[in-house]
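need a structure here:
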Amino acid sequence: MTASNPMPDQDRVVAEIEIAAPPERVFQALTDQKQLFHWWGKEPSVELTRTAAGTRVRVTHSGLRNEPISRKDYGQGWEGVLRLLEQYFR
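Numbering: from 1, shown residues only. You can find the predicted model right below:
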């Protein structure tokens, strides 16, 4: 898993992971309500890119500057979410 780090502007966290499944299948897991709630349960931006091994999933959660909790907490949370998605495909 690629580590997520607060961006220099401290307003967003970016997390990404490579999943051994084609983009179409990962897209279904992210967009089909039944599948989404099966592996996750709940607003961010998600980008999917085909790779040799499957699909790179990149989540960007913006608008954090005024949030009371630190961006590090969000970053660790998204890493956990991406691990759940990856486990769904095992």
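
residue 30 should be in a helix, yeah?
Yes - membership of residue 30 in a helix is supported by DSSP: H, G, I helix; E, B strand; the rest coil.

OK, contacts around it?
36, 46, 48, 57, 85 (Cβ atoms under 8 Å, 6 or more residues apart in numbering). Heads up, the C-betas are built off the backbone N, CA and C, glycines and all.

surely the first one meets residue 26?
No - proximity of residue 36 to residue 26 does not meet the contact threshold set by Cβ atoms under 8 Å, at 11.4 Å.

so which of the contacts of residue 30 are in helices?
Among the contacts of residue 30, the residues falling in helices (DSSP state H) are 36, 85.

residue 83 versus residue 56, what's the distance?
Distance from residue 56 to residue 83, counting by Cβ to Cβ, to the nearest Å: 15 Å.

quick one: which of the two has more around it?
The neighbour comparison of residue 56 against residue 83 (other Cβ atoms under 10 Å) goes to residue 56, with 17 against 12.

so the more buried one versus residue 85, what's the distance?
Look at residue 56 and residue 85: by Cβ to Cβ, they are 12 Å apart.
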